[in-house]
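K.L.:
Okay, here's the prediction I keep looking at, along with the sequence it came from:
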Amino acid sequence: MTNLDKCVKELKAIGKYLIPYTFPMASLEFEKDIKILKQTEVTIDGYDVILSYSKADYEDSFSEILQIQPQYYPFLPFNLLCKIAVRFLGDKNLSLIEVIKDKKKLYCWILQTDKFDGSPIEPESKSSVKIYQNMKYYSINPDEVNFY
């Protein structure tokens, strides 16, 4: 089992367990308090990254958010980002928001899935379709998202 496979298994298990303590089921303040439980530092393909995974329960869907941030670099190669995102979230109907935090790029991959059949839901937000190596994803402008 690779470092990435181990991270996927562990973070997804923790994310599922912490659904009742994640917004909107819990307050944003409480979720901020437990954020440390949802993240890990790992080296993947020679890059030190911080991964944070969260799963939230909405009325008819689940929202999975994977945040990827370089530990020491200002940004990460896009092929690495896609590799990590696909391992966590699959390759259907992914959305990506890129923001700058602490002088480093923060990459937020989002997947909405139907609560009853688990199928990926196409994003409703204003986004542009992008394709990278046969992977279609939706790029969301960070100005159109409420980061609380």
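P.N.:
Perfect, I can see it now. Residues are numbered from 1 along each chain as shown.
K.L.:
C-alpha from now on. contacts and neighbour counts both.
P.N.:
Noted.
K.L.:
Now the residue nearest the centre of the chain: phi and psi?
P.N.:
Per C-alpha atoms, centre = their mean, the C-alpha nearest to the average position across the chain is that of residue 66, at 1.4 Å. With angles defined as degrees, to the nearest 10, residue 66 sits at phi -120, psi 120.
K.L.:
same deal with residue 139?
P.N.:
According to degrees, to the nearest 10, residue 139 has phi -100, psi 120.
K.L.:
re earlier: what's the nearest residue in space to the residue nearest to the centre of the chain that is not next to it in sequence sitting at in phi/psi?
P.N.:
Setting aside the residues directly before and after it, residue 66 is nearest to residue 53 in space (C-alpha to C-alpha, 6 or more residues apart in numbering), at 4.6 Å. Per-residue torsions, residue 53: phi -130, psi 140 (degrees, to the nearest 10).
K.L.:
from now on call the first residue 7
P.N.:
Taking 7 as the first residue, the last one we looked at is residue 59.
K.L.:
looking at it, residue 59 is touching residue 70, isn't it?
P.N.:
Yes. With contacts counted by C-alpha atoms under 8 Å, residue 59 reaches residue 70, the gap being 7.3 Å.
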